[in-house]
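In: 3D, please:
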Amino acid sequence: MKTMTVGELKAHFSEVLGQMLKSGEPVAISYGKKKEKIAAIVPYSQIKPKTVRTLGLMKERARCVIHDDSALSDEEFLVA
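Out: Below is the predicted model:
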């Protein structure tokens with residue numbers, strides 16, 4: 001993984017993106033006097049998609065009961 005300072009990255013951003021597109025290698029970004037690595041730019045193809053949550057996980061384990069005895073009139077609804 002190539003490491004660049006913020007200044008180097010700002011000066012050569014387009015070239016870095018072009019190289020990353022060709023090689024697929026991430027670039028680490030260092031910052032401050034200690035040049036501590038604080039972030040990385042990775043190709044989009046390396047990002048894992050979020051897992052799809054299945055609906056109905058609590059099927060037959062929980063239920064929702066709605067009582068309709070709390071009906072409001074239109075005037076009460078607008079004031080509430």
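
In: Enumerate the positions of the helix or strand bottoming out on mean pLDDT in the chain that are buried.
Out: Here the helix or strand of the chain ranked lowest by mean pLDDT, DSSP states H and E is helix 74-79, holding a mean of 78. Along helix 74-79, no position meets the burial threshold by neighbour count (16 or more other CB atoms under 10 Å). For glycine as for every other residue, the C-beta is placed from the backbone atoms N, C-alpha and C.

In: Can you list the helices and strands that that helix packs against?
Out: For helix 74-79, there is no helix or strand it packs on, judged by 3 or more CB pairs under 8 Å, 6 or more residues apart in numbering; DSSP states H and E.

In: Send over that helix as PDB, restricted to the C-alpha atoms.
Out: C-alpha atoms of helix 74-79 as PDB (Å, rounded to 0.1, in the frame of the first residue of the first chain):
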ATOM      1  CA  ASP A  74     -60.100  16.000  13.200                       C
ATOM      2  CA  GLU A  75     -60.100  18.900  15.600                       C
ATOM      3  CA  GLU A  76     -58.400  16.900  18.300                       C
ATOM      4  CA  PHE A  77     -55.800  15.600  15.900                       C
ATOM      5  CA  LEU A  78     -54.900  19.100  14.700                       C
ATOM      6  CA  VAL A  79     -54.500  20.400  18.200                       C
END
